[in-house]
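Chemist: Okay, predicted coordinates and the sequence, questions at the end:
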Amino acid sequence: MTCNILFVGYGAVGVVLAYALQKTGKVNVTAVARSNYQTVCDGKLIMKSEQYGEIRGLKPSRGEAVVTFSGFKELSSVSPVVRTVAEAADQAYDYVVIATKAIPELYPTSELVAPLLSTDYKYPQPTYVLLQNGLGIERDLHAALQEKESTRSAKIITGAIQIMSNLVGDAVIHSDFDEKGSPSISSGHEKTLHLLVDLLNEGGCEAKADPHIQAAKFRKNLCSVDVLLTIVKELIALGQALGYPSEYLQEPTEFVEHYRKHHLEETTAHKASTLLDIEAGRPFELEVILGEVVRLGKKSNVPIPTTVAEAIDQAYDYVLITTKAIPELYPTSEMVAPLLSSDYKYPQPTYVLMQNGMGVEKDLYAALQEKESTRSARIITTA
């Protein structure tokens, strides 16, 4: 029998894993390709992989008539490449792999797969496999599944994956599976978990079932933040407070050196996905990578400084403002208010506004002019 898998997200992660699974000859793949839909349809997608070689015209294949592992015979004329999950809801799936960015504040997972949760979907619920960065990414989908009797039987597998791949133009550049980044996945449902692990291994992914998956995801989170030693020390302290095994919590100095060697642009062709998002002006995984760490820190009583007020214990030469400029919601003067208050006992810094837009300096300039103590401050704007 053939395993039917739907990939939601056919980019840097989805392309590599879908190819590995199809390589087994036991998997039919349907892919929801959003930004690169036309590229895939036109046969212009390329994968350049140190492990699999160079493959041009890469496309998924869903087969014409199969009996799935879940026992449903399928006969479908739908293309294996679609733009939306709704277009793919014409058949049963054993697994639905979510390989998109986890940005729940903009694109909740439950909304991405909503057509599969609706009463219009006439097939048994699949196992949802969340291969996304960040912590706590399962909550939204789990809550949505519990809302209906018809979806409560669905299973969720969560994973930590770092496969050293980037989507650059029409090409997926896959350096190799990182020594600590081959897929680690976990679920309380052993049969569905080990079936997927076996298929990934057969396709060359060296996957493993990990009973400490949240610790593995926490370690992956370390690779998604700025690797200043102070930050890493805070995160390691949080991991210890959460009771994660020591093998997932590398010594901070050792971790920073490993990161510099394997992940910085001058030493590797691979770029962190967050950096690619920032360079392209796309939303990035803020809440699940940084926000969840802050929330866990508060729950565990581990100090994770997050506000300007917590940083006014010293003088600064420059204060760089790198947030989005949305003055109607978050005026810059309010963000840096602790530095403008009488509680700040040091000379005023130079404020560097690295924000898009015209007139971004007006709000801060007006606030600086209100007090004698802040009028000496200088503002630098950048493009």
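Modeler: Yes, it's here. Numbering: from 1, shown residues only.

Chemist: Show me where the stretch 101-250 of the chain dips below the pLDDT cut-off.
Modeler: For the stretch 101-250 of the chain, applying pLDDT under 70 flags the ranges 176-189, 221-230.

Chemist: which residues of it fall in strands?
Modeler: 127-130, 155-160, 165-168, 171-174, 184-186, 208-209 (DSSP state E, counting those that start in this stretch).

Chemist: So which residue is dead centre in this structure?
Modeler: residue 133 (3.3 Å; CA atoms, centre = their mean).

Chemist: any idea how far it lies from residue 104?
Modeler: 12 Å (CB to CB, to the nearest Å). (Glycine included, C-beta is placed from N, CA and C.)

Chemist: Next: residue 171.
Modeler: Distance from residue 171 to residue 104, by CB to CB: 29 Å.

Chemist: Next: residue 55.
Modeler: Distance, residue 55 to residue 104, by CB to CB: 33 Å.

Chemist: you'd agree residue 128 is up against residue 155?
Modeler: Yes. Between residue 128 and residue 155 there is a contact under CB atoms under 8 Å: 7.2 Å.

Chemist: Neighbour count: residue 55 and residue 104, which is higher?
Modeler: Between residue 55 and residue 104, counting by other CB atoms under 10 Å, residue 104 is the more crowded of the two (21 against 14).

Chemist: show me the contacts for that one.
Modeler: Applying CB atoms under 8 Å, 6 or more residues apart in numbering to residue 104 gives the contacts 137, 140, 287-288.

Chemist: Tabulate the residues you listed (CSV), appending distance to residue 220 and neighbour count.
Modeler: Formatted as CSV, these follow (distance: CB to CB, whole Å; neighbours: other CB atoms under 10 Å):
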residue, distance to residue 220, neighbour count
137, 11, 24
140, 19, 16
287, 16, 18
288, 11, 23
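
Chemist: so which of those would you say is closest to residue 314?
Modeler: For those, the closest approach to residue 314 (CB to CB) belongs to residue 287, at 28.6 Å.

Chemist: So what touches stretch 367-375?
Modeler: Stretch 367-375 has contacts (CB under 8 Å, 6+ apart) with 333, 340, 342, 348, 377, 379.

Chemist: so, if you compare those, which one comes nearest to residue 234?
Modeler: Closest to residue 234 out of the contacts of stretch 367-375 is residue 340 (26.5 Å), distances taken as CB to CB.

Chemist: Ramachandran angles for residue 85?
Modeler: Phi and psi for residue 85, reported as degrees, to the nearest 10, are phi -60, psi -30.

Chemist: Now do it against residue 114, distance only.
Modeler: Taken as CB to CB, the span from residue 85 to residue 114 is 7 Å.

Chemist: Pick out whichever of these two has more residues nearby.
Modeler: Per other CB under 10 Å, whichever of residue 85 and residue 114 has more neighbours is residue 85, with 20 against 15.

Chemist: residues contacting that one?
Modeler: Residues counted as contacts of residue 85 (CB under 8 Å, 6+ apart) are 6, 8, 32, 112-116.

Chemist: about what we covered before: verify the stated contact: the residue nearest to the centre of the chain with residue 290.
Modeler: No. Residue 133 is beyond contact range of residue 290, at 10.9 Å (criterion: CB under 8 Å).

Chemist: got the contact list for the helix or strand where residue 47 lies?
Modeler: Per DSSP states H and E, residue 47 falls inside strand 46-49. Identification of contacts with strand 46-49 by CB under 8 Å, 6+ apart yields 15-16, 19, 54-58, 165, 170-174, 176.

Chemist: Partner strands of it and their direction?
Modeler: Strand 46-49 sits in its sheet next to strand 53-56 (antiparallel), strand 171-174 (parallel), going by DSSP bridges.

Chemist: okay, these, which one's buried deepest?
Modeler: Comparing these by mean neighbour count (mean count of other CB atoms under 10 Å), strand 171-174 comes out on top with a mean of 21.

Chemist: how far does that strand sit from the chain's center?
Modeler: Taking CA atoms, centre = their mean, to the nearest Å, the mean C-alpha location of strand 171-174 is offset from the chain mean by 17 Å.
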